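S.K.: structure, please.
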Amino acid sequence: QVQLVESGGGLVQPGGSLRLSCAASGFTFISYAMSWYRQAPGKERELVAGISSYGGGTTYADSMKGRFTISRDNTKNTLYLQMNSLKPEDTAVYYCNAKWGTTYDYWGQGTQVTVSS
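M.R.: Model prediction:
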């Protein structure tokens, strides 16, 4: 069955870095556009960054540009999010998403990122 398993979250001080990973299985990873979303307490889920199916194009939310980098390894069926210069407002649960057109839309269970001194 389809699985998206996020890892790499944790507690980090402001200005620090984390690298999230999302291990995918159960579908043809290379054919899917992949994204990271996040949801902070009391707020709606928001797009962090996305990457096209073959990795040729990326998009970022304005507040993440220059600090976050999304990438994928299609040989390992894994999505990454490198997060630098983290701020307390980056605290949220981060979710991995896989999408194929409007037909298939899969979500991981999320990984908590807490930025605090």
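S.K.: if I look at Thr102, how far off is Thr91?
M.R.: Thr102 sits 31 Å away from Thr91, going by CB to CB, to the nearest Å. Bear in mind the C-beta positions are built from the backbone N, C-alpha and C, glycine included.
S.K.: now do the same contact list for the residue positioned nearest the centre of the chain.
M.R.: Nearest residue to the geometric centre of the chain (CA atoms, centre = their mean): Trp36, 2.8 Å. Trp36 sits next to 20, 22, 47-50, 70, 79, 81, 94-97 when contact means CB atoms under 8 Å, 6 or more residues apart in numbering.
S.K.: are any of the residues you listed buried, and if so which?
M.R.: 20, 22, 48-50, 70, 79, 81, 94-97 (16 or more other CB atoms under 10 Å).
S.K.: can you put the residues you listed in CSV and add distance to Trp107?
M.R.: What follows is the buried ones among the contacts of Trp36, written out as CSV (distance: CB to CB, whole Å):
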residue, distance to Trp107
Leu20, 14
Cys22, 10
Val48, 14
Ala49, 15
Gly50, 14
Ile70, 16
Leu79, 12
Leu81, 15
Tyr94, 11
Tyr95, 6
Cys96, 7
Asn97, 6
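S.K.: just the ones in strands from those, please.
M.R.: If you go by DSSP state E, the buried ones among the contacts of Trp36 have 20, 22, 48-50, 70, 79, 81, 94-97 in strands.
S.K.: ok so, going back, what sits opposite the residue nearest to the centre of the chain in the beta ladder?
M.R.: Ala49, Cys96 (DSSP bridges).
S.K.: how about the contacts made by Lys65?
M.R.: By CB under 8 Å, 6+ apart, Lys65 has no neighbours at all.
S.K.: err, Lys87, not the other one
M.R.: Contact analysis of Lys87 by CB under 8 Å, 6+ apart lists 14, 115.
S.K.: how near is it to Gly8?
M.R.: Distance from Lys87 to Gly8, by CB to CB: 18 Å.
S.K.: same question for Asn97.
M.R.: Counting by CB to CB, the gap from Asn97 to Gly8 is 16 Å.
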